[in-house]
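Engineer: turn this into a model:
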Amino acid sequence: MDLTRAALDFRSDTVTRPTPGMRQAMAEAEVGDDVFGEDPSVRRLEERVAALFGREGALLVPSGTMANLLGIGLHCGRGDELVLERRTHSYSHEVGGAAALLGLSFHPLDSPDGLLSVPMVSRAIRPLDVHEPRTRLLVLENTANLCGGRVLPLPRLRELRAFTRERGLKLHLDGARIWNASIASGVPLSAWAAEVDSLCCCLSKGLGCPVGSLLVGDRADLERARVLRKMLGGGLRQAGVLAACGLWALDHHVERLAEDHATARALGEGLARVLDDRFRVQPPETNILLVHADTPETTRRAVELWNRLGVLCFSLGETSIRLVTHLDLPPGAAGEAVRRIAARPA
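Structural biologist: Numbers count the residues shown, from 1 in each chain. So this is what the prediction gives:
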């Protein structure tokens with residue numbers, strides 16, 4: 001590959017294509033009808049993920065959006081309210097599904113760094129009053145995507161877990177990129193899973209699978225979630241070809257996430273050197289890099305120019321640009337992106 005001519009796709013870690021080994025695993029997968037509970041590859045994936053997180057079970061679903069919707073639906077009834085930070089995926093990027101399909105209301109909070117605290121959540125809890133919805137659920141995200149892939153510190157999660165138990169709330173964790181959080185922090189997956197009622201993890205982001213997420217939790221909850229999955233149209237048949245991708249990724253793509261984090265750091269350090277004072281580079285914690293601009297016009301011009309240069313990215317809001325590293329980027333992608341941008345400043 002001629003790196004100087006290659007398109008460098010930093011738009012998302014969802015743009016990856018199955019690796020040759022993953023495609024081979026798909027071709028050789030044992031399959032059965034998962035709605036009947038008869039797909040051996042799906043069962044192996046669910047059992048393995050449950051063991052990694054130290055929980056009783058896991059349920060394969062088509063998407064992280066569905067996994068979050070199922071997790072929310074386990075803990076809330078129609079008319080209930082859930083609390084979450086405004087940039088949490090369930091509020092910002094899931095089409096209001098909890099409201100439209102489950103009849104719930106959102107109570108979004110604003111946090112400077114995207115991470116909630118006990119005092120913030122405490123102020124959001126509704127009093128018991130016939131005129132107000134019941135506060136039932138706290139939803140957190142790890143890593144916090146729109147905040148630059150921030151890792152939710154385990155001590156903070158434990159504080160929030162103790163508080164929700166005290167106040168009778170449930171806690172669901174959107175762990176779409178919890179693999180990144182674990183690699184970046186050294187905290188095992190089971191430590192986070194022990195502090196929540198349910199969580200989801202995604203196979204099609206950092207792990208490079210073509211599709212799929214899992215809802216993780218207690219066995220009784222997952223049996224209810226299986227019914228809700230079917231109701232939402234998410235029953236799976238011979239899904240072993242997809243489960244095989246997940247099993248392959250768990251063997252080959254988890255530890256290598258550290259490479260994506262290193263690429264994001266190199267990209268951030270390089271851009272901080274070559275961009276002028278209209279830009280501020282937020283140091284990445286994982287594989288998501290945010291570049292903050294001084295005005296919407298600066299943002300628009302930079303994104304348009306960088307895309308023309310083959311450094312593919314997009315804006316988040318009016319004054320932020322997101323770049324995401326992943327396994328499909330060629331070696332040297334960070335340095336080449338910095339070289340192109342330095343040669344043609346916005």
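Engineer: ok, residue 52 to residue 196 distance?
Structural biologist: 15 Å (CB to CB, to the nearest Å). Every C-beta, even on glycine, is put in place using the N, C-alpha and C of the backbone.
Engineer: with neighbour numbers in mind, choose between these two.
Structural biologist: Of the pair residue 52 and residue 196, residue 196 is the one with more neighbours under other CB atoms under 10 Å, namely 25 against 19.
Engineer: mind listing what the residue sitting nearest the centre point of the chain touches?
Structural biologist: Nearest to the mean C-alpha position of the chain, by CA atoms, centre = their mean, lies residue 176 at 2.8 Å. Contact partners of residue 176, counting by CB atoms under 8 Å, 6 or more residues apart in numbering, are 64, 89, 141, 145, 200, 201, 202, 205, 213.
Engineer: and residue 322, which helix or strand is it part of?
Structural biologist: Following DSSP states H and E, one finds residue 322 within strand 320-324.
Engineer: so after that strand, what's the next helix or strand?
Structural biologist: Downstream of strand 320-324 (by DSSP H and E), the next one is helix 333-343.
Engineer: against which helices or strands is that next one packed?
Structural biologist: Here helix 333-343 touches strand 8-9, helix 257-274, strand 311-312, going by 3 or more CB pairs under 8 Å, 6 or more residues apart in numbering; DSSP states H and E.
Engineer: between the longest one and helix 333-343, how many degrees?
Structural biologist: Going back to what we said before, that points to helix 257-274. 20 degrees (axes from the mean of the first three to the mean of the last three CA atoms, to 10 degrees).
Engineer: strands paired with the very next helix or strand once past helix 257-274, and their directions?
Structural biologist: Where DSSP H and E defines the elements, the next helix or strand beyond helix 257-274 is strand 279-282. Sheet pairing of strand 279-282 (DSSP bridges) gives strand 288-293 (antiparallel).
Engineer: quick one: distance of the strand it pairs with to the chain centre.
Structural biologist: 17 Å (CA atoms, centre = their mean, to the nearest Å).
Engineer: what lies in contact with the helix or strand just after it?
Structural biologist: Sequence order places helix 296-308 as the next helix or strand after strand 288-293, per DSSP H and E. With contact meaning CB under 8 Å, 6+ apart, helix 296-308 is reached by 278-279, 291, 293, 312-315, 318-321, 340-341, 344, 346.
Engineer: can you rerun that using 6 Å?
Structural biologist: 278, 293, 313, 315, 318, 319, 321, 346 (CB atoms under 6 Å, 6 or more residues apart in numbering).
Engineer: mind checking pLDDT for the third one?
Structural biologist: Just to be clear, that refers to residue 313. pLDDT, residue 313: 98.
Engineer: where in the stretch 51-200 of the chain is pLDDT low?
Structural biologist: Along the stretch 51-200 of the chain, the model assigns pLDDT under 70 to no residue.
Engineer: strands along that one, start to end?
Structural biologist: 57-61, 81-85, 105-109, 135-141, 170-175, 198-202 (DSSP state E, counting those that start in this stretch).
Engineer: export those strands to CSV and tack on distance to residue 283 and mean neighbour count?
Structural biologist: Below are the strands of the stretch 51-200 of the chain laid out as CSV (distance: least, CB to CB, whole Å; neighbours: other CB atoms under 10 Å):
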stretch, distance to residue 283, mean neighbour count
strand 57-61, 33, 25
strand 81-85, 20, 24
strand 105-109, 24, 16
strand 135-141, 19, 25
strand 170-175, 22, 26
strand 198-202, 24, 27
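Engineer: JSON lines for those, including distance to residue 15?
Structural biologist: JSON lines is the format used below for the strands of the stretch 51-200 of the chain (distance: least, CB to CB, whole Å):
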{"stretch": "strand 57-61", "distance to residue 15": "21"}
{"stretch": "strand 81-85", "distance to residue 15": "26"}
{"stretch": "strand 105-109", "distance to residue 15": "28"}
{"stretch": "strand 135-141", "distance to residue 15": "21"}
{"stretch": "strand 170-175", "distance to residue 15": "20"}
{"stretch": "strand 198-202", "distance to residue 15": "14"}
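Engineer: of all the ones you listed, which one comes closest to residue 161?
Structural biologist: Across the strands of the stretch 51-200 of the chain, residue 161 has its closest neighbour in strand 170-175 (6.0 Å, CB to CB).
Engineer: that closest one pairs with which strands?
Structural biologist: strand 135-141 (parallel), strand 198-202 (parallel).
Engineer: any idea how far residue 167 lies from residue 161?
Structural biologist: In terms of CB to CB, residue 167 sits 11 Å off from residue 161.
Engineer: and for residue 21?
Structural biologist: 38 Å.
Engineer: okay, the two: which has more neighbours?
Structural biologist: residue 161 (19 against 14).
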